[in-house]
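# Build the 3D model from these lines:
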Amino acid sequence: MSILIKGGKVVTAADEFIADIYIENDKIVAIGKNLPYKAEKVINAKNRLVFPGGIDPHVHLDMPFMGTSSSDNYETGTRAALFGGTTMVIDFILQTQGDTLKNALKTWQKKSENKALSDYSYHMAVTDFNKKTEKEVVDLITKEGITSFKTFMAYKGALMIDDGQMVGLMKTVKKHGGLVTVHATNGDIIDALIAKHRAEKKLSPWYHYLSQPEVTEAEATARFSDMLAYTDCPGYVVHMTCEGALNAVRNVTKRNQKVLVETCTQYLVLDASLYKKKDGAKWVMSPPLREKKDQTALWAGISQGLVHVVGTDHCPFNLKQKQMGAKDFSKIPNGHPAIEHRMELLYSEGVKKGKISLQKYVELTSTNAAKIFGMYPQKGSIAIGADADITIMHPTKKHTLSKKTHHMNVDYSAYEGFKITGKVETVLIRGQIAIENNKCLVAPGFGKFIKRGSPQMI
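All right, here's what the predicted structure looks like:
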């Protein structure tokens, strides 16, 4: 289908201007005022904002964790993403320690193929780095188009690798043009604090927060940055939460080192006081929510160019699943639902409140992720020849977030009652209208796996 989007305010990471956009098949063909094309479908975008489709590089769909699995699968999770203006997600494959990366890839392909509605890719979590794994890493980069590798500095015995393995992975990834990402928290300190609180019968969600103090994230972020400097490997810190970790990244700029940083919507708008509520288990995630001063630091880090991406770490569990830890915080499945609300929350809390510009908003939600993860300009841009992934937003429409209206497969909202300004109305993915009039118009299987290249923001 040919589509003409007329008269919207087109916003990119560099510009904003009133223009028409003409689309044929799955690509943007022309951009300009009063375009002469006749299209099969015309979308009136007057008084609307027209953004590149959102890219959420941090989601966990149908992920086994802590004796259960996240409640959104590739169908429900990517459908919810589309409703929120996100047209591309990157999920995490988890290698089982002792097994191969190839087998892990096959498992996630079965989860995603013929189910995804949005486009998608994978990060490969390396939980057992050895000579065999090293060869598989090279194959993933050169043959499969999977160029980012997740590491954990916590969850010993399940996901964590030691510093020697980390350095070995970095050297291999650097040589072949990939990127190493990290869950940067000091797992040894956290495990000791969890054991201490359990022994003292301090078992409420508040002690989840107290088991992961700011120093655990700050120390691990600094250590990861030092290993990156030693190996000259590009690196990316996922879900940064606090001032201490941000300062660790700020400090390495003194030696002209650039460490790429992601934070998440929850760390910008929610705080640790929620853990004292009766239903505090809803917000148990790792790293935990922090203090108001950390929100201030993260917004400042965004303005200073130290924070490059806002993702979600979307990993939802229903209330019954959360109740697995009703008597012990350490047994609460970690994660919360957010994939649908990222674009609207960041617009409302960031742009409308004067904390970020429209251009910075596009950087954080789409363009930087496309560049960092090797998809630009195919993704993350409104430009001739780019994939026609487009989100159209009503900039002043007010609405309230609620479990009653969201599309995520979870029976509560972490943002219940949040009143926000800005509503995603129409979403296109590869030239196909996916969301219109609050209806999803694409079917499971429409989403494509996107092969990625080397990082472009180093």
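# which SS state does residue 51 fall under?
Secondary structure, DSSP: H, G, I helix; E, B strand; the rest coil: residue 51 is strand.
# now the helices for the stretch 1-150 of the chain?
74-83, 101-112, 131-139 (DSSP state H, counting those that start in this stretch).
# List the buried residues of the longest one.
Same thing as helix 101-112. By neighbour count on 16 or more other C-beta atoms under 10 Å, the buried set for helix 101-112 is 101, 104, 105, 107, 108, 111, 112. Yep, even glycine has a C-beta here, placed from its N, CA and C like the rest.
# Let me know the angle separating that helix from helix 131-139.
Following axes from the mean of the first three to the mean of the last three C-alpha atoms, to 10 degrees, one obtains 50 degrees for the angle between helix 101-112 and helix 131-139.
# what's the angle from helix 101-112 to helix 74-83?
Going by the same axes, to 10 degrees, helix 101-112 makes 70 degrees with helix 74-83.
# just the helices in the stretch 151-300 of the chain please.
Using DSSP H, counting those that start in this stretch, the helices of the stretch 151-300 of the chain run over residues 163-176, 187-199, 206-210, 214-231, 243-252, 265-269, 292-303.
# how about TSV for those helices, with mean pLDDT, mean neighbour count and distance to residue 42 added?
Output for the helices of the stretch 151-300 of the chain, formatted as TSV (pLDDT from 0 to 100; neighbours: other C-beta atoms under 10 Å; distance: least, C-beta to C-beta, whole Å):
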stretch	mean pLDDT	mean neighbour count	distance to residue 42
helix 163-176	98	18	46
helix 187-199	98	15	55
helix 206-210	98	21	51
helix 214-231	98	20	49
helix 243-252	98	21	45
helix 265-269	98	22	33
helix 292-303	98	18	36
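# May I see those helices arranged in CSV, with distance to residue 278 as well?
Output for the helices of the stretch 151-300 of the chain, formatted as CSV (distance: least, C-beta to C-beta, whole Å):
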stretch, distance to residue 278
helix 163-176, 40
helix 187-199, 19
helix 206-210, 11
helix 214-231, 25
helix 243-252, 29
helix 265-269, 19
helix 292-303, 22
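# still on that earlier bit, so which of the helices of the stretch 1-150 of the chain is nearest residue 321?
helix 74-83 (15.0 Å; C-beta to C-beta).
# Kindly format the C-alpha coordinates of that closest one as PDB.
What follows is helix 74-83 as a C-alpha-only set of coordinates in PDB (Å, rounded to 0.1, in the frame of the first residue of the first chain):
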ATOM      1  CA  TYR A  74       6.300 -12.300  21.700                       C
ATOM      2  CA  GLU A  75       2.700 -11.900  20.600                       C
ATOM      3  CA  THR A  76       1.300 -10.000  23.500                       C
ATOM      4  CA  GLY A  77       4.500  -8.000  24.300                       C
ATOM      5  CA  THR A  78       5.100  -6.700  20.800                       C
ATOM      6  CA  ARG A  79       1.500  -5.900  20.300                       C
ATOM      7  CA  ALA A  80       1.600  -3.800  23.500                       C
ATOM      8  CA  ALA A  81       4.800  -2.200  22.200                       C
ATOM      9  CA  LEU A  82       3.100  -1.100  19.000                       C
ATOM     10  CA  PHE A  83       0.200   0.400  20.900                       C
END
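# By mean pLDDT, point me to the weakest helix or strand of the chain.
Least confident helix or strand, the chain: strand 64-65 with a mean of 90, by mean pLDDT, DSSP states H and E.
# residues in contact with residue 262?
57, 58, 236, 237, 238, 239, 240, 307, 308, 309, 310, 311 (C-beta atoms under 8 Å, 6 or more residues apart in numbering).
# nearest to residue 30, of the helices of the stretch 151-300 of the chain?
helix 292-303 (33.1 Å).
# what mean pLDDT does the helix or strand following the closest one have?
Downstream of helix 292-303, the first helix or strand assigned by DSSP states H and E is strand 309-311. Across strand 309-311, pLDDT averages out at 98.
# List of residues touching strand 309-311?
56-59, 238-239, 260-265, 268, 302, 342, 346, 364-365, 368-369, 372.
# Residue 389 reaches residue 434, doesn't it?
No. Using C-beta atoms under 8 Å, residue 389 makes no contact with residue 434, being 9.3 Å away.
# So those two - more neighbours on which side?
The residue with more neighbours, out of residue 389 and residue 434, is residue 389; 31 against 27, by other C-beta atoms under 10 Å.
# Tell me how far the more buried one lies from residue 6.
Between residue 389 and residue 6 the distance is 18 Å, computed by C-beta to C-beta, to the nearest Å.
# Same check on residue 414?
37 Å.
# Could you check which of the two has the larger neighbour count?
residue 414 (24 against 18).
# For the more buried one, which residues are in contact?
Contacts of residue 414 (C-beta under 8 Å, 6+ apart): 266, 270, 282, 283, 336, 337, 338.
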